[in-house]
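> Structure for this input, please:
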Amino acid sequence: MSLDLEFVRAQFPAFAEPSLQGQAFFENAGGSYTCKQVVDRLFRFYAQRKVQPYADYEASRLGGQEMDEARNRMAAILGVDTDELSFGPSTTQNTYVLAQAFAQMMQPGEAIVVTNQDHEANSGPWRRLVDCGIDVREWQVDPDSGHLDPTTLEDILDESVRLVCFPHCSNVVGEINPVTEITALAHAAGAFVCVDGVSYAPHGFPDVGHLGPDIYLFSAYKTYGPHQGLMVIRRTLAELLPNQGHYFNEGSLHKRFTPAGPDHAQVAACAGMADYVDTLYEHHTSGADTQVSPRGHVVHDLMRAREIDGLSRVMDVLKDRNDLRVIGPTDPAIRAPTIALDLGRDPVGIAARLADHGIMAAGGDFYAVRALQAMGVDPDRGVLRLSFTHYTSDAEIDQLLTALDRVL
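Numbering: from 1, shown residues only. Next up, the predicted model:
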């Protein structure tokens, strides 16, 4: 079974938008196109349900039901209990709130492990806890490959470590880290685990329950949805951490870590992401399976297979060029299609020239300053980043490769 690309692209209004014709989108790591299921739900909520939810009158009742539907269905896809999933304004904000909760729970001298492979959003809030007397330890990447070696994590784990934070996939290195293996190491040392899934989730929603971390975070605007941060906190940890919400919400697990009121419309629109998963599943199978999580597995694997195929074509061309350095592994099977290129010259100017050929891409540090520094890349110059996902067509990849050859 292979992905029906024509059907997939029909789910995204952007591909039919006249102003975008002739342009190939290769900055998906910065935010994906939005599927029509999300657009339709968001429009309906603003048009028909834009009232305070959960009252008895119909517009309010239906608005609350749609918000609950989003939590129920997305939690099921992620393989966790409904109240273990929270919505917040962004992953950066969610991480900041979590860091405040850990600061209240931990004692001076206890330790948190972070990496220098991370986007700053999953590193900076934890690093600031050094001001509270917390010992912040850095699990460092290999300077040549950007790889995070689990054996080097073992060297910095001891009984004082309470939390290990790392990305499922770096937004510049691209390598998919072995979450289950790393989680097992941390748990064996008595530590909780926080995984930043922002750069992985666009390539297939993970089964967090199967992977095993205590916290998993990602951004809906990068998974074909609205601008919301989704945060899984497993029950044992969620009940242990101090409440960060209103005191009267302390008994509600999914409200304990959202001090601000929810964006009703955007939370409700997140159900459109589940609609999209169901739509792809039913189109590519008989649709007979009523279990939600296996549907997510099937769609995840369809997306990844399509991406690996496209990534193989790109890597076959890039890995043999002597005028650039591919950051991270060149094996498509172990990385996401987020490709950072160290050109040894201004990547922003190159991105501008690519735009003349209809390629939408960008240059910069992408908030991965520490990772770039660790691998010998000047963060003030940065990298050219080319990122795509399962809806990218062969013609668009051809357009990219032709443009790169001309510009470079």
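> how about the nearest residue to Phe15, chain neighbours excluded?
Nearest residue to Phe15, sequence neighbours excluded (CB to CB, 6 or more residues apart in numbering): Arg9, at 4.7 Å. Bear in mind the C-beta positions are built from the backbone N, C-alpha and C, glycine included.
> let me fix that: Tyr96
With sequence-adjacent residues excluded and distances taken as CB to CB, 6+ apart, Tyr96 is closest to Pro125, at 4.7 Å.
> Now do the same contact list for Asp214.
Asp214 makes contact with Phe192, Val193, Cys194, Ile233, Arg234, Thr236, Leu237 under the criterion CB atoms under 8 Å, 6 or more residues apart in numbering.
> And for Pro329, the neighbour number?
If you count neighbours by other CB atoms under 10 Å, Pro329 ends up with 18.
> Distance check, it against Thr338.
12 Å (CB to CB, to the nearest Å).
> what do those two both touch?
Common neighbours of Pro329 and Thr338 are listed as Gly174 (criterion: CB under 8 Å, 6+ apart).
> So the nearest residue to Asp149 once chain neighbours are set aside, which state does it fall into?
Of all residues not flanking Asp149 in the chain, Asp142 sits nearest, at 6.6 Å (CB to CB, 6+ apart). Per DSSP: H, G, I helix; E, B strand; the rest coil, the local secondary structure of Asp142 is coil.
> And Cys165, by the same measure?
Put simply, Cys165 is strand when judged by three-state DSSP.
> how close does the residue nearest to Asp149 sit to Asn116?
In this view, Asp142 and Asn116 are 11 Å apart by CB to CB.
> Tell me which of these two has more neighbours.
Taking neighbours as other CB under 10 Å, Asp142 and Asn116 compare with Asn116 leading, 21 against 14.
> Could you double-check that the more buried one lies in contact with Val141?
Yes. Using CB atoms under 8 Å, Asn116 makes contact with Val141 at a distance of 5.9 Å.
> which neighbours do these two share?
Both Asn116 and Val141 are contacted by Ala371, Ala374, under the criterion CB under 8 Å, 6+ apart.
> Tell me which stretches of the stretch 201-350 of the chain form helices.
Ranges of helices in the stretch 201-350 of the chain, per DSSP state H, counting those that start in this stretch, are 208-211, 235-240, 264-269, 271-284, 292-318, 347-355.
> For Ser32, find the nearest of those.
Nearest to Ser32, of all the helices of the stretch 201-350 of the chain, is helix 271-284, at 10.5 Å by CB to CB.
> can you list the helices of the stretch 201-350 of the chain in CSV and add mean neighbour count, mean pLDDT and distance to Pro53?
Shown next, in CSV, are the helices of the stretch 201-350 of the chain (neighbours: other CB atoms under 10 Å; pLDDT from 0 to 100; distance: least, CB to CB, whole Å):
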stretch, mean neighbour count, mean pLDDT, distance to Pro53
helix 208-211, 19, 96, 26
helix 235-240, 14, 97, 23
helix 264-269, 24, 98, 5
helix 271-284, 20, 96, 14
helix 292-318, 18, 93, 24
helix 347-355, 17, 98, 42
